[in-house]
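Asker: Pasted the sequence and its predicted model underneath.
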There are 6 protein chains.
Amino acid sequence: MSSLTHLTSHGEAVMVDVSDKAETERVAIAEARVVMRMETLELALSGNAEKGDVVATARIAGIMAAKKTHELIPLCHPLLLTKVGVDLEPDPSLPGFRVQALAKVKGQTGVEMEALTAVSVACLTLYDMLKAVDRFMRIEGIGLLEKQGGKSGSWKREKE
Amino acid sequence: MSSLTHLTSHGEAVMVDVSDKAETERVAIAEARVVMRMETLELALSGNAEKGDVVATARIAGIMAAKKTHELIPLCHPLLLTKVGVDLEPDPSLPGFRVQALAKVKGQTGVEMEALTAVSVACLTLYDMLKAVDRFMRIEGIGLLEKQGGKSGSWKREKE
Amino acid sequence: MSSLTHLTSHGEAVMVDVSDKAETERVAIAEARVVMRMETLELALSGNAEKGDVVATARIAGIMAAKKTHELIPLCHPLLLTKVGVDLEPDPSLPGFRVQALAKVKGQTGVEMEALTAVSVACLTLYDMLKAVDRFMRIEGIGLLEKQGGKSGSWKREKE
Amino acid sequence: MSSLTHLTSHGEAVMVDVSDKAETERVAIAEARVVMRMETLELALSGNAEKGDVVATARIAGIMAAKKTHELIPLCHPLLLTKVGVDLEPDPSLPGFRVQALAKVKGQTGVEMEALTAVSVACLTLYDMLKAVDRFMRIEGIGLLEKQGGKSGSWKREKE
Amino acid sequence: MSSLTHLTSHGEAVMVDVSDKAETERVAIAEARVVMRMETLELALSGNAEKGDVVATARIAGIMAAKKTHELIPLCHPLLLTKVGVDLEPDPSLPGFRVQALAKVKGQTGVEMEALTAVSVACLTLYDMLKAVDRFMRIEGIGLLEKQGGKSGSWKREKE
Amino acid sequence: MSSLTHLTSHGEAVMVDVSDKAETERVAIAEARVVMRMETLELALSGNAEKGDVVATARIAGIMAAKKTHELIPLCHPLLLTKVGVDLEPDPSLPGFRVQALAKVKGQTGVEMEALTAVSVACLTLYDMLKAVDRFMRIEGIGLLEKQGGKSGSWKREKE
C-alpha cells in the first residue's frame, strides 16, 4: 500500500477520507524569507516607514490566501480556519524580509498547507511590489516551523 | 516620487495604470526546487513510475494557479494568458525536484508573477502529497529565470 | 490594547482567533435600498410582472455573494451557512426597491457580514440591470437590522 | 406549500434552512459516461498508456470541482467534504469512458450535488482534451447511483 | 507527435500556446437535456408558471458558470466572453427540459467549453432544485451543436 | 422591446452581446460613505495614525473586489482592468469615511460596476473592522460620480 496518503494503492490521486480522524484543535506555523539587494530593502522600508502599505498588502494577501488553500492545492480538504495571522519582519542580515504565518482550526485534518500557502503568497506579494527595482529577488526556505494537534501531537523544527 | 510602481507617491497601494504601455508578446520563466530526504524522493518516484500522479497533480495545480494569480496577488492585473506550462524534474543531487514554469501573454503587463505563482503552487502541491512521510521538506530558490517582451526587453539570469 | 478586534495591539491586521468562542446558532438580518427615478422603477416592474428576471437575478446574486463573504472581506472567517434568503420589495415611496437578507449559521462567529454582503450585491445587481436607463441611482442605508446568538445575545435596531 | 425545497411557498429561490437537520455521515456516488469514436478512445488510451495525463487531469479537475459545488449551484450549502474520489474507466463497448465520483461529508445536508458536479467536470475535462480530434463526443447519463445517510437513509439505483 | 493538443509529445498536460492563432469572432452553441418523471416536470412548471424561479435560477447559474470555465477545466484559456445566453424549454415528450447555451468571443481560441460548461451547470441546477421529489433524473446528451469562427470555420451537427 | 439591455424582449436574463461595440478607453469613478459614531471614527483614526491597517485593509479589499465584479454580478462581462485605485478619507462632519474608487479599461463595455463594487467592498471591510464597537454604522450613497468613454461619452454627476 502507498505511504503517500493522497494516492490510492494504485497511485491515483484522491482527497483522502478524514471522516474517522478525531476533531482536535490544530495549529501550524510556517516560515519563509524573501532575499533582496540592500537597496531594495531600504526602499521598501522607507515606504513602509511612511505608510506601511508594502508590508500591509503582503500581510492581507497572505491571510486571504490561507482561505484559498483548498482551491489551490488539489487534494486539500476545505477547513473552517479559526485564526490566521501573518508576520513580516525586515532583516538587514539577509538582506530582506522574514515571514511567518500561523493557521489554526478545530478539525479533522492539519493546517500545515494553510500556513505554508499564507507565507508563500505573502512572499510573492512582496516580490510583486518590489520587482520593478530588483529582478534578483529569491523566495527561500518555505517550510514548516511548528505544528500542534492531531494524532502525531506537537512537533517543532530544531534550530539548524 | 516612489520607485515602487504599486504605490502612489504617498505610499498607498494601487493597481497601477498600464493603459499606455505597449501591447507586446511577453514571456516569463520562473524556477524553484523542493528539497527533501532521499527516501522521500525515492518514494515519490516509485509512485511516479507507476502512475505519474504526484507529478501530474503538481503540474495541473501549477497551471491552474497561474490563472488565479490576479486573485492572489492584490495588485496584479488580470491577463489573458496564451500559454502556461510547468515542468518537474527529479534531481537526486538535491535530493528533490526542480520545477520550472513558463507563462506567455500578449498584453500590456508582464507575466513574471504568473510564472512565479505557478512554480510556487506546483511546489506546495508536491509538499502536500509528500508531507505524510517528511516534515523537513523545504521549498527553495523561487525566482525569475528569464523574461522577454515589454519595455525592458529580454533578460536572463546568469548562472550563479 | 486595541478595541478593534481585527487588529493586534500593534495595529496589524489579523483574522482573529475564534476558537474559544461558543458554537451557537447565529442569525443576522441586513437591509438596504436602491433609490431610482419613478420611470426606472416602473420599467423594472413591467419587466418583473412578465418574467421576474430582474428581481430573480438580484436575489440569486445576493444568495451566492453571501457564500463568498470570506473571499471578499479580508478578515472574515469561512462559515458553513445553514440558510440564506434575500427579499426584494418595490417601494414607490422611494421610489425604488427595499432589500433585506437573512443569514444563519451554527458557529463560533457572527453572520452580520454575510447578510450585509448579500444585500450589497443584490443591490449592485439591480443597479447593473437598470443602469442603461438611469445613471442617478443610489444604494442607500446598508446596515444591520437584527442579530441573534453569540455572546451579546439578541439585538434589534429600533425604528428611526 | 411548495414541494420544491429550494423555493418558498411563493416560488422565490432560497438557500433552505438546514439548521435543524441531524448531522450525520453522508455519502453519495454519481456516474456518467463520455461517448466518443473508437479512434478517439484509442488515441486517449495510447496517450494514457505512456503518461496517464488525460485521465489524471480529468480526475484532478473532478476532485477540485467538487469543492466548488456551492459556488456553481446557487442554492447549495457550503460543506466540509471529508473525502472526494473520482474514477475513470475506458469502456470500448461505448466506446468511451465511464466516470464515477464519490463524495463524503459529516453534515446537515447531502452530497449528491458534489458527486454530480465532480463527474460532470471530469467528463467536460476529458471532452476538452480530446475535442481537437472528435467533435461528436457526448456526455451521457449523469445521475445519482447511490446515497447513504440523512433522513431518507440508504438508496441505490437498481440496474436498468 | 501527439494529436491531442493539450499534451506535449511526451504526454504531459500543458495549456497550449495560442499566441499565433488569429483573433477572430467565435461562437459556440451547446445543448443538453434533463430527463425526469412527468410529475416532476409538472411540479417544476407549476412553480415556473407562478414565479419563474426554477428556470431563472438555472439560467443565471449557467451564465455565471460560463465565466468560470477556465477555473474548472484545467487547460482552458481565460477568455473575454462578449455574450452568454442560456435557454431552457420544457419538453413533455422527454419528459424534462431541453437546455441550450450560446457563448461568443473575439479571441484566439474557441468557446466550445464555455457553452458546454454553461449547459452542464444549468442542468445541474435544475437537478438540484428538483431532486427532493425525484432521484431518478438524468442529464443526457451534453454536446456541441454548432460552432463558428477559428481556423476550421463553421460547423453544425446534423440532425440524428 | 425591452429597454433593459440585460433582458431579452421576453424578459429573460442574458449577458448581452457587446461584440459590435467599439473598443475605447473607459473610466468610471464611484463613491460611497460609511457613517459611524464619532468615537468609532476616532478609534479608527487612532489605529490608523499608528499603522494604517484599517484603511490599508479596506483599500486592498476594494481593489481585489473590482477584479471579482464579473463573478459577483451575474450579467457583467469579464474585463481586463488596466487600473484600479481606491481612496478613503476620514470626514468628521459625517462622522465617518468617504470612499472613492476609480476603474479603467480599454474595452467594449463600461467599468461602472467595477468601480461600484470596489467602493462597496471597501466600505463593507471598514464596517467589518469596526463593527465590534459600533452596530449602528450605515453605508450610504453608493453611486456613480463620473464616467468617460463609450458611446455616450463623458458624464459627471453634478453636485447636489
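Answerer: Sure thing, it's come through.
Asker: tell me the secondary structure for the residue nearest to A:Thr82 when sequence neighbours are not counted?
Answerer: Distance criterion C-beta to C-beta, 6 or more residues apart in numbering or on different chains; nearest residue to A:Thr82, sequence neighbours excluded, is C:Ser19 at 4.1 Å. The way it works is simple: take the backbone N, C-alpha and C, and place the C-beta from them, glycine included. Per DSSP: H, G, I helix; E, B strand; the rest coil, the secondary structure class of C:Ser19 is coil.
Asker: hang on, isn't C:Ser19 packed against A:Ala103?
Answerer: No: C:Ser19 lies out of contact with A:Ala103 (C-beta atoms under 8 Å); the separation is 11.4 Å.
Asker: Following the chain past the helix or strand of chain A with the lowest mean pLDDT, name the next helix or strand.
Answerer: The element with the least model confidence among the helices and strands of chain A, by mean pLDDT, DSSP states H and E, is helix A:38-51, at a mean of 76. If you walk from helix A:38-51 toward the C-terminus, the next helix or strand you reach (DSSP states H and E) is helix A:53-66.
Asker: That following helix to helix F:53-66, inter-axis angle?
Answerer: Helix A:53-66 and helix F:53-66 meet at an angle of 60 degrees, taking axes from the mean of the first three to the mean of the last three C-alpha atoms, to 10 degrees as the criterion.
Asker: hmm, helix A:53-66 in reach of chain D?
Answerer: No: against chain D, helix A:53-66 shows no contacts by C-beta under 8 Å from any C-beta of the partner chain, the least distance being 15.5 Å.
Asker: average pLDDT for that helix?
Answerer: This predicted structure assigns helix A:53-66 an average pLDDT of 95.
Asker: and that helix, what does it pack onto?
Answerer: Taking 3 or more C-beta pairs under 8 Å, 6 or more residues apart in numbering or on different chains; DSSP states H and E as contact, the helices and strands that helix A:53-66 lies on are helix A:38-51, strand A:81-91, strand A:96-107, helix A:112-130, helix B:69-72, helix F:53-66.
Asker: Go again with 7 Å.
Answerer: If contacts are counted by 3 or more C-beta pairs under 7 Å, 6 or more residues apart in numbering or on different chains; DSSP states H and E, helix A:53-66 sits against helix A:38-51, strand A:81-91, strand A:96-107, helix A:112-130, helix F:53-66.
Asker: Serialize those to CSV and add fields for distance to D:Val121.
Answerer: Compiled in CSV, the helices and strands packed on helix A:53-66 are given as follows (distance: least, C-beta to C-beta, whole Å):
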stretch, distance to D:Val121
helix A:38-51, 41
strand A:81-91, 25
strand A:96-107, 25
helix A:112-130, 22
helix F:53-66, 26
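Asker: Pipe those into JSON lines and attach mean neighbour count and distance to E:Ile142 per row.
Answerer: Formatted as JSON lines, the entries for these read as follows, by neighbours: other C-beta atoms under 10 Å in any protein chain shown; distance: least, C-beta to C-beta, whole Å:
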{"stretch": "helix A:38-51", "mean neighbour count": "17", "distance to E:Ile142": "51"}
{"stretch": "strand A:81-91", "mean neighbour count": "21", "distance to E:Ile142": "36"}
{"stretch": "strand A:96-107", "mean neighbour count": "24", "distance to E:Ile142": "36"}
{"stretch": "helix A:112-130", "mean neighbour count": "28", "distance to E:Ile142": "34"}
{"stretch": "helix F:53-66", "mean neighbour count": "28", "distance to E:Ile142": "33"}
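Asker: Figure out which of these is closest to B:Met15.
Answerer: Across the helices and strands packed on helix A:53-66, the minimum distance to B:Met15, taken as C-beta to C-beta, is reached by helix F:53-66, at 5.4 Å.
Asker: Can you tell me which of the helices and strands packed on helix A:53-66 is nearest to F:Ser120?
Answerer: helix F:53-66 (7.4 Å).
Asker: any idea how far that closest one is from the chain center?
Answerer: A distance of 11 Å separates the centroid of the chain from that of helix F:53-66, by C-alpha atoms, centre = their mean, to the nearest Å.
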